[in-house]
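Colleague: coordinates only, sequence not included:
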């Protein structure tokens, strides 16, 4: 470019560039508004050069680095639960997901193991150890209810204390267990109950207030 | 001098850290990288689209191409970021990536102008169309009131700033032939406006 001969005054093109990079002057803004009012082509160009809003930037980041669905982190309370008898031990099977008992008053749920970027996120929070497996309890129909969730080791009947339980607005519940609890036959109780008082025996008893889901190791 | 070298070195180190963070695909390092590169990428995309599109620019199209470029950088297995050498300045490199991606996007939509060889043969030297730059300087406001955004860009870069055709072609991804044709057309429009301006004086 012949800089010596360059004309330094702003043109419509340079006013658009100034709009895009935020260096626009009031005078240029007035000129562009006037031009946009008289020409659709200029109105479109002004709109195209408008810098992205914070919401638009956030949307872009969300598309590039999607957040996991969970929005709330709820620490599980320590529970003192009496262990039921050995008769409650579940037989290991090839079934990955089994839904034993869905109550009419609750949405139907299913449970699955999952290993994804949620685990990565937890690792960055230094709150999860290897391997990071989560269990996702998902309502088969959307629900706004916020049920309690308990996890039992079905072999021993022992209640397990998850590292984290997170819930999304759509009712999906993600449960992170310590590594030594991951590879077990597990029983999940989902519904309305007192988590500090429930035993596995009670969980297995028929109720309209909770559902029981199992997943084998 | 040392200060300049120092700040340049600091910038390269910063850019190397940003790229390294972006390649982890973690959200917060990714956000820092995107915030740093977005203005340059967006600016180049706007410039290239404006040079090529005969129709109005569409903000959604611009946003789409920005996203496309960022995805190419961050999600593609053949990410251009992997090919970047930290010794090279990052932003000019990404600006070129953005230009090429925009050209590909335009080409996929048949929005890249083809050179009309017959026009090239007929038009001769376009610089003769606009003879008096001083007069143009006085007429800039009048002229700009009548040009489209695309023509205004040609007018600004190629006629007022006298950017060589090959340089403007490199900047926008246009062929030098297309730059010549566009410059010729804008020059004729500008001349007509100038003549009318003179007649009114």
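Modeller: Yep, it's here. In this text, all values refer to a predicted model and were calculated from it rather than measured experimentally.

Colleague: just the helices from chain A, written as ranges.
Modeller: Listed in chain order, the helices of chain A (DSSP state H) span A:12-21, A:26-38, A:40-49, A:54-64, A:117-124, A:179-182, A:200-204.

Colleague: what's the burial count for residue A:183?
Modeller: By other Cβ atoms under 10 Å in any protein chain shown, the residues close to residue A:183 number 12. The C-beta positions use only the backbone N, C-alpha and C, and glycine is treated the same way.

Colleague: report pLDDT for it.
Modeller: With respect to pLDDT, residue A:183 has a value of 78.

Colleague: again with residue A:24
Modeller: With respect to pLDDT, residue A:24 scores 90.

Colleague: assess the claim that it and residue A:14 are in contact.
Modeller: No - with contact defined as Cβ atoms under 8 Å, residue A:24 does not reach residue A:14; the gap is 9.7 Å.

Colleague: all strands for chain A, in order.
Modeller: A:72-74, A:97-101, A:109-114, A:134-139, A:148-153, A:158-160, A:164-167, A:173-176, A:186-191, A:210-215 (DSSP state E).

Colleague: other SSEs contacting the fifth one?
Modeller: If you count contacts as 3 or more Cβ pairs under 8 Å, 6 or more residues apart in numbering or on different chains; DSSP states H and E, strand A:148-153 packs onto strand A:158-160, strand A:173-176, strand A:186-191, helix A:200-204.

Colleague: contacts for it?
Modeller: A:79, A:135, A:137, A:158-160, A:162, A:165, A:173, A:175, A:177, A:181, A:184-193, A:195, A:198, A:200, A:203, A:210 (Cβ atoms under 8 Å, 6 or more residues apart in numbering or on different chains).

Colleague: by mean pLDDT, point me to the weakest helix or strand of the chain.
Modeller: Looking at chain A here, since you left the chain open. Between all helices and strands in chain A, the lowest mean by mean pLDDT, DSSP states H and E belongs to strand A:97-101, at a mean of 39.

Colleague: switch to chain B, please.
Modeller: Scoring the helices and strands of chain B by mean pLDDT, DSSP H and E places helix B:117-123 at the bottom, with a mean of 47.

Colleague: any idea which residue sits dead centre in chain B?
Modeller: Among the residues of chain B, residue B:47 comes closest to the average C-alpha position under Cα atoms, centre = their mean, at 3.1 Å.

Colleague: how far does the helix or strand hosting that residue sit from the chain's center?
Modeller: Secondary structure assigned from DSSP states H and E places residue B:47 in helix B:27-52. Helix B:27-52 sits 12 Å away from the centroid of its parent chain (Cα atoms, centre = their mean, to the nearest Å).

Colleague: who are the packing partners of that helix?
Modeller: Helices and strands in packing contact with helix B:27-52 are listed as helix A:12-21, helix A:40-49, helix A:54-64, helix B:2-22, helix B:59-74, helix B:90-108, helix B:149-154, helix B:165-172; criterion 3+ Cβ pairs under 8 Å, 6+ apart.
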